Structure formats: structure tokens, C-alpha cells
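Colleague: need the 3D shape of this:
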Amino acid sequence: MTTFLKKAVGLISVVPLCLSIQAQDTLFFEGYETTSYQNLIYSTPPCSNLPDLWDTISNLNGTIPPSSSYFWGVRDLNGNCGGSLFETIQTDTFDLSNHNFSFFSFDYFYFELDNGDEMKYQITYNLIPQTEVILINGSNNISSNGWLTESIHIPDSVSSFSISISFKQNGDNDYLGLDNLCLTGIHKDSCFIHAPTLSALTCNNHGSNSNALDDYFDFTLLCEGQNTTTFNIYQNDSLLQQNLDFQLPQSLSSISGSTFNINHFEIRDSANTHCFTEFSLDSSAHCSTNYQISLNLLSTTNLNSSCNQGDSILISLNSIGNFDSTNYFEIILYDSTQNNFSSLLTTLATNTLDTQLYLSTPHALVTSNTYQLSIKSSYPYLTTTSTTLNINNPQNCISPYLTVILINACSSGMNEGSGELIFGYTGSYTINTSADFKFYYAANLPFSSSHLKIDSFTHEPVNTLLLNSAAGCPNLFIDAYQQIIPSNSRFMICRNDVDINSVYWYNLCGHGPIYVLYAEPTNWLDNGLFSNLTTTGIRYMKASFTDTFAHVYTNEIAYDRTLNSGLDGDFTSYQAPGGFPSQYQNFGCYLTPGILPIHLLDFQLHKQNENIQIDFSFADQSHFKLYHLEKYIDDVWREIKNFKVNDNYPYYTYVDELPLSANNYRLLATNDQGKIELLGGESIAFEQNDKKIIARTNLLGQSINASTKGWQIILYEDYSTQKVYNP
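Modeller: Predicted coordinates for the structure are as follows:
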């Protein structure tokens, strides 16, 4: 059965099919006809304790699968088959480096969802999580009235892909279903027509505008792709035209424009009928003028969005015309910065326009993106002009992420694994450590359940006391077992038999608190080590966090073994939102504040005539109150300027009008706990007016006849220095 895109824009909907065809590869499919569930990770194992359900089922109160015999049913999750928070289905990470024109799709339905019920998903491209999409925000017993299809076009620039689909639902009178999870792609070496587009369309009215039954239209088709031969066009499985030149525009005439008439077209390579694409035209939306939809009421165009809370908009719609009985209307909020409708944030579907509707908007929206609201109908397909929404009081929201991995412990022998450490930062969110936390470690993608290394922690008050004693400062470390870790906090993950004496901790004093999560050795990287050999190989890691609002954040990182020194104390540093390290370093077993999250984005010095300009900026300054710029003068650090934190503009500049020959600067900050943190430092040399000659190039090798007062002439050769003249 061919399923056409629910969220197609304009006239054309290109369809990924989960079929075994030469040009198109099915990279993953789950239709729930078996219980193997390969390439999927479930937050809670399958459970069927009817009416409670988190498992496959063939019939859920009269709803049957869209195809085959079974689908995944979701019902009363806070009963016996889940929890009051989100339950999640997570795919492995799939390699798309050899594929283009990739799609991920799934079928879903929902019945009488009320307040608190929700379905959402989050995509990860190239190890970087994308904006979370709220697919359903339950209210007033909303229903889909049948199966719907969500289809995601994956950009060709994406080389790795994964998705998590999450549900929150309580009560046994409402329920959801999921089926036919499918990832397809066109291999880069395949023959495929990638992008059929309409360059022109003409509607021909045979009668009045109110009668579309006898209308028809003409359109011109342009194709782009790798095929350079001729092609055939099929309409509704019948040959329409054949042996058309792939490089030339093709005109098709007299296509029926009858009301509610969707035409399906196939373009097939004449030399290889397995090389094809499909699209559909809903003629009634374009050749008939008696169907209209519009906004009647929009309560506001200004949205409040914090890191934790979204907003809601009161909406009512107008329509003209008798829409088909299967039609539904959609209110769509999307990020147009990412191209039209490609970054879908949330939707609200309804079959009636008789009531006012509330659309809940996501949290953590930012002003740098453009958010727009649009209305669609499904049958016939219509869409309104988009309305731009403004964001009030936006915040710079940073998701939790891992900041440093000590990949070569300072322990030795059997204790090596107990000396490895993972550091992280909670960002803008308060993390609930009693909720699901998962850490994966793998030599190859995609991630699977066998790569899960840490998913539980233990209470270790004695180790926490010993850590604070080793550091020489009280309350630096806090046992975070089943605790709430505040936003803008540092945390450390280690084994519960951590080798405390393998490193020096005292340099971390004044940079706490650091919340500690202790994992059992049997769950720690197969009881072993982070791989730090000098042979080629990438290691991949993934961590998931849950905040106190039940939002789940995924952080995927990796490192290359060949860039490590092989010495004790090697570590990798990361910046949000993930990916490969920002740097590989070795601290020689002396832990320093540098292992903690990097807040300072840039700290630079520039010569400007007789002055020095200092510029610095921040990736995150949410827990700082005051900055202190200091200069090293007469063997003492002296403050030359302080700056109050500007929440709306994280860029700062200062001009030093009294530079020295050698200038050392450093930047400190007072955090929201009243403690001073060292953020960074930089040095610069400065030419005084009476010292102009810094270097002279002797291209011909003659004897140098030059004298300067107070300077030395140095010969540089093969990176060594030799003093040749000293006045």
C-alpha cells in the first residue's frame, strides 16, 4: 500500500516507499509483526496488562493496523505498564553517508486525548539533537479519526540519523497507536529522479467557479537527478506518456480537475522501470475557487517561551465550501528559518471549526529563528498565508551535555577503570536523577541495547566524604543519588569504587558544587576502560537526561583514538550540543577547572594603534552576575574593569590605554552563589615607540651590521635559536 505524505507542501508530495526496489533502499522497518524489535530501544519493556498497554496489539477498541496484523498500542501508561512521565521508543543511529533523498516515516493515531496527554519526537542529525517536535498536545478529548502518517525528509547533508518518539498518557478511556516505522534512502550510486517540480500550471474552467466537477488543468514538469536517459510517466498506474527527454520540460494536458480528485503519478526510467519516483496532485485545491480556509481569531502573536515552559494561543478558523467527510484541519507552528514547514514544532488537528482551539507552543524558542503559524486542510489540500509570531523575553537555553571524558585514567592495573571520570553540565535545566538516565558507549554505529553501559546509580556517602577530604574543601562534592541537580550545575559520573587517590582534586576548590553519580562497576564500560589506543578507531557515546518537567534531552559525542597521547591524564573536551571534541588534552593527573564546562566562548586581545582592545564573549552566562578583567602589574593581579552581566548581549569590549611591553590579562566571574571563577587568560607583547625593529630577514646571507640598545639579535634556524650578537 502506498502512503502519501500528510504534510506535503504545495502540489507535490514525493513518497518514500518501504519496498524492495533497486533504486530505493529500506534501511530500517518495524511493522510489529514479530517481537524482535531490532534497532529499537524501549524506555520500559513491553507490557500488556489490559486495559493498560505498552505492547503490540491487533485491535484496540475497534482500531486495527493500517496494514498487516499488529501495531504498537499505548494506553494508561501511569497504570501498570509505564510511569507518569514520558515513555520513549528510541531508534539506533543509522549511517546515511552513502544515501540521499532519505525519509523517515511512521503511522500513528490517537483517541480522545485530554490535558496532560502528549506525543512528541526528537531527531538527531550528525550526533546533534534537533528541536523537539510536539506532534500531539492533548486537550478536550481530541481524536485523529483514523491513522495519520508523519514523514520527515532528511537533508542530504546528514550522515547519521536517529529519532526518539515519546508518549505521555494516563487513563484507559484514551489511547494511541504506532506502526510502520520506516527509514528509506536512495543510494548515491543509484539511478533516481530526485526532484520532479511543476514549473507552470493552468486551470481551465468549463463552467462557473462553484462547479469544479468538469475542470481540468495543464502542467509542465521539470526533473532533476542522476538519470540522463528518457523516462515514462504513469497516471494512476496507467501509462500517460513515454520516452520523454529527461533534460527537457514536459507538458501534460487535460488532467481532470474534479473536486476531491487526487492524481497519482509515477516517473520511471525507460531503461529501468525500477528507477522511479512518485508524486500526487490534488487538483481540487487549485482548479476550484469555492474552497477557502482562514484565521478568524488569533488571541496573540506574541509568545512567552522560557527554557521550561511554552505558551498557548487561542485560535478559531473560518472555512468556505463543503469539505470532504475525511477532511481534517491542521494548525501548524513551524520554524521557517529551517525552510518552509521543514522544522515542524507542533500541530493541532481538528475535524470541526465550531469551537475555539488552544494550541500549546514548545519551550525554549529563540529570537534568532522565525516562527510562523499556518492552517492546512487535508481534503482538498489548502493552506493559509503564514502568520509570523514574536517571542517575548527569550532565554538562551542550553540542554544538558557531557563536557569532559577522562579517557586514560591515572590509575593502573585492575584499578584503571575505577579511575575514569565523566564530567557534565546541566545547562538551563533541572535534572531529575531518579528518572531515566542512560549512557551508551560503542565502537560502531548504530547504537543498540548491547551498548548500554550505565542506567542506574548507587548511594555512596562514604566516597563523597573521601572525595571532599582529598580535595581539601568541604561540600565540593555532593552525592546526587535520586536527587534533583539544579540548572547551571556541574556533575561527575564515576564508578562507585572510584580510585580517589589516582588524581589531585584540590584545584577544583571554589568551583563547586559538583554533583556525583556513582555507577556500579558491572555497568561501567564492560567493567573496563575507555579505549585510548593509538590505532585508528572512533568511539561513540550517547547520554540521555530527564528534567523535572519530564523533557528528555539526548547528547551524542565521539572521539578519535589516534589523537590521544597515550599518557595518563588524557581527556577530551566537548561543547554543546555535541559531536567530536573541541580539544584533546592531558592534565597530568592534576584536575583543574578546565575540565569543567566551558562558558567562555572567546577571549581575544588586539593591538589598536597605541592601545590594546580586549574582546570576550560567552556561550553561556546564565549563572554569572559580574565579570572582573584583571591585568598583571608589578607582580600582582589588579582589576582594571568590571562588567555587569548583560543577559541580552553576551559580547564585551574594553580598551587598555596604558599598555606595557608585556601584557597579561585574565577574566574572572562572580557566579550566582557569590563565588569567584577563573574563566580564561591571554597575553600580548606591545612595541614601544623607541623599539621598532623586531625582526630583519637576511635573504642573501651577508654579514649583519646593525645595533640596537637593549635588544638581542637572534638567529633562527630549524626551530632552534643561537645568539649571534649582544650589544
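Colleague: distance check, the spatially most central residue of the chain against N555.
Modeller: For the chain, P129 is the residue whose C-alpha lies nearest the centre (C-alpha atoms, centre = their mean; 1.6 Å). Distance, P129 to N555, using C-beta to C-beta, to the nearest Å: 7 Å. Bear in mind the C-beta positions are built from the backbone N, C-alpha and C, glycine included.
Colleague: which residues do these two both contact?
Modeller: By the contact definition C-beta atoms under 8 Å, 6 or more residues apart in numbering, P129 and N555 are jointly contacted by 399, 577-578.
Colleague: out of those residues, which is nearest to K625?
Modeller: S399 (23.0 Å; C-beta to C-beta).
Colleague: gap between the closest one and S312?
Modeller: Note on S399: its distance to S312, by C-beta to C-beta, is 23 Å.
Colleague: picking that back up, the residue nearest to the centre of the chain pairs with what?
Modeller: T124 (DSSP bridges).
Colleague: list the contacts for it?
Modeller: P129 sits next to 122-123, 399, 553-556, 577-578 when contact means C-beta under 8 Å, 6+ apart.
Colleague: adding pLDDT, neighbour count and secondary structure, write the residues you listed out as TSV.
Modeller: Output for these, formatted as TSV (pLDDT from 0 to 100; neighbours: other C-beta atoms under 10 Å; DSSP: H, G, I helix; E, B strand; the rest coil):
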residue	pLDDT	neighbour count	secondary structure
Q122	95	20	strand
I123	95	20	strand
S399	87	22	coil
Y553	90	21	strand
T554	91	24	strand
N555	93	27	strand
E556	93	25	strand
P577	74	19	coil
G578	82	22	coil
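Colleague: give me the pLDDT for Y371.
Modeller: For Y371, the model assigns a pLDDT of 85.
Colleague: sorry, slip of the keys, the one I care about is N339.
Modeller: 48.
Colleague: list the buried ones in the longest helix along the chain?
Modeller: Using DSSP state H, we find that the single longest helix of the chain is helix 461-471. Residues of helix 461-471 classed as buried by neighbour count (16 or more other C-beta atoms under 10 Å): 463-464, 467-468, 470-471.
Colleague: with adjacent residues omitted, what lies nearest to A443?
Modeller: Leaving aside its sequence neighbours, A443 sits nearest to R539 (C-beta to C-beta, 6 or more residues apart in numbering; 6.2 Å).
Colleague: and the one you found, that's in a helix?
Modeller: No. R539 sits outside any helix when classified using DSSP: H, G, I helix; E, B strand; the rest coil, being strand.
Colleague: quick one: contacts for it?
Modeller: Neighbours of R539 in contact, by C-beta under 8 Å, 6+ apart: 441-443, 530-531, 558-559, 561.
Colleague: can I get the shared contacts of P129 and N555 in a markdown table with distance to S166?
Modeller: Shown next, in a markdown table, are those (distance: C-beta to C-beta, whole Å):
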| residue | distance to S166 |
| --- | --- |
| S399 | 15 |
| P577 | 19 |
| G578 | 19 |
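Colleague: nearest to D92 among these?
Modeller: Proximity of the shared contacts of P129 and N555 to D92 was ranked by C-beta to C-beta; the top entry is G578 with 16.6 Å.
Colleague: for F618, see how far away the closest one is.
Modeller: 19 Å.
Colleague: over to L357?
Modeller: Relative to F618, L357 is positioned 40 Å away (C-beta to C-beta).
Colleague: what ranges do the strands span in the stretch 501-650 of the chain?
Modeller: Applying DSSP state E, counting those that start in this stretch to the stretch 501-650 of the chain gives strands spanning 514-519, 538-546, 552-560, 570-573, 583-586, 600-608, 611-618, 624-633, 636-644.
Colleague: comparing the ones you listed by mean pLDDT, which bottoms out?
Modeller: strand 600-608 (a mean of 74).
Colleague: pull out the buried positions in stretch 32-46.
Modeller: Neighbour counts over stretch 32-46 (16+ other C-beta under 10 Å) mark 32, 37, 39-43 as buried.
Colleague: tabulate those in a markdown table, adding columns for secondary structure.
Modeller: Shown next, in a markdown table, are those (three-state DSSP):
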| residue | secondary structure |
| --- | --- |
| Y32 | coil |
| Y37 | coil |
| N39 | coil |
| L40 | strand |
| I41 | strand |
| Y42 | strand |
| S43 | coil |
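Colleague: closest one to A409 out of these, please.
Modeller: I41 (28.4 Å).
Colleague: measure the residue lying closest to that closest one once chain neighbours are set aside to Y440 for me?
Modeller: With sequence-adjacent residues excluded and distances taken as C-beta to C-beta, 6+ apart, I41 is closest to Q90, at 4.4 Å. Distance, Q90 to Y440, using C-beta to C-beta: 10 Å.
Colleague: with H628 instead?
Modeller: For H628 relative to Y440 (C-beta to C-beta), the value is 40 Å.
Colleague: these two: who's more crowded?
Modeller: When neighbours are counted by other C-beta atoms under 10 Å, H628 and Y440 differ, and Y440 comes out ahead with 23 against 19.
Colleague: tell me the secondary structure for the more buried one?
Modeller: Assignment for Y440 (three-state DSSP): strand.
Colleague: show me what counts as buried in stretch 104-114.
Modeller: 104-111, 113.
Colleague: from those, which land in strands?
Modeller: Members of the buried residues of stretch 104-114 lying in strands (criterion: DSSP state E): 104-111.
Colleague: and C509, how far from A471?
Modeller: 6 Å.
Colleague: okay, now V503: neighbour count?
Modeller: 21.
Colleague: to clarify, my last question referred to L297.
Modeller: By other C-beta under 10 Å, neighbour count at L297 equals 12.
Colleague: that one pairs with what?
Modeller: Beta-bridge partners, per DSSP bridges, of L297: S316.
Colleague: how close does it get to I315?
Modeller: L297 is 7 Å from I315, by C-beta to C-beta.
Colleague: so what sits against both of those two?
Modeller: Joint contacts of L297 and I315 (C-beta under 8 Å, 6+ apart) are Q356.
Colleague: distance between the ends of stretch 111-122?
Modeller: 22 Å (C-alpha to C-alpha, to the nearest Å).
Colleague: so what touches that stretch?
Modeller: By C-beta under 8 Å, 6+ apart, stretch 111-122 touches 61, 63, 86, 108, 110, 129-144, 150, 163-171, 173-176, 552, 554.
Colleague: just the buried residues from those, in PyMOL please.
Modeller: In PyMOL, a selection of the buried entries from those looks like this (16+ other C-beta under 10 Å):
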select buried, resi 63+86+108+110+129+130+131+132+133+134+135+136+137+138+139+142+144+150+163+164+165+166+167+168+169+170+171+174+175+176+552+554
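Colleague: average pLDDT for stretch 266-277, rounded please.
Modeller: Stretch 266-277 comes out at a mean pLDDT of 62.
Colleague: residues near S299, how many?
Modeller: Residues near S299, counting by other C-beta under 10 Å: 13.
Colleague: give me the three-state assignment for the closest residue to it other than its chain neighbours.
Modeller: Spatially, and ignoring its direct neighbours in sequence, S299 is nearest to L314 (3.7 Å; C-beta to C-beta, 6+ apart). Three-state call for L314 (three-state DSSP): strand.
Colleague: what of Q309?
Modeller: Assigned by three-state DSSP, the conformation of Q309 is coil.
Colleague: residues contacting I128?
Modeller: Shown in contact with I128 (C-beta under 8 Å, 6+ apart): 556, 577-579.
Colleague: now do it against S157, distance only.
Modeller: In terms of C-beta to C-beta, I128 sits 12 Å off from S157.
Colleague: now S399
Modeller: Counting by C-beta to C-beta, the gap from S399 to S157 is 22 Å.
Colleague: same question, I595
Modeller: Taken as C-beta to C-beta, the span from I595 to S157 is 32 Å.
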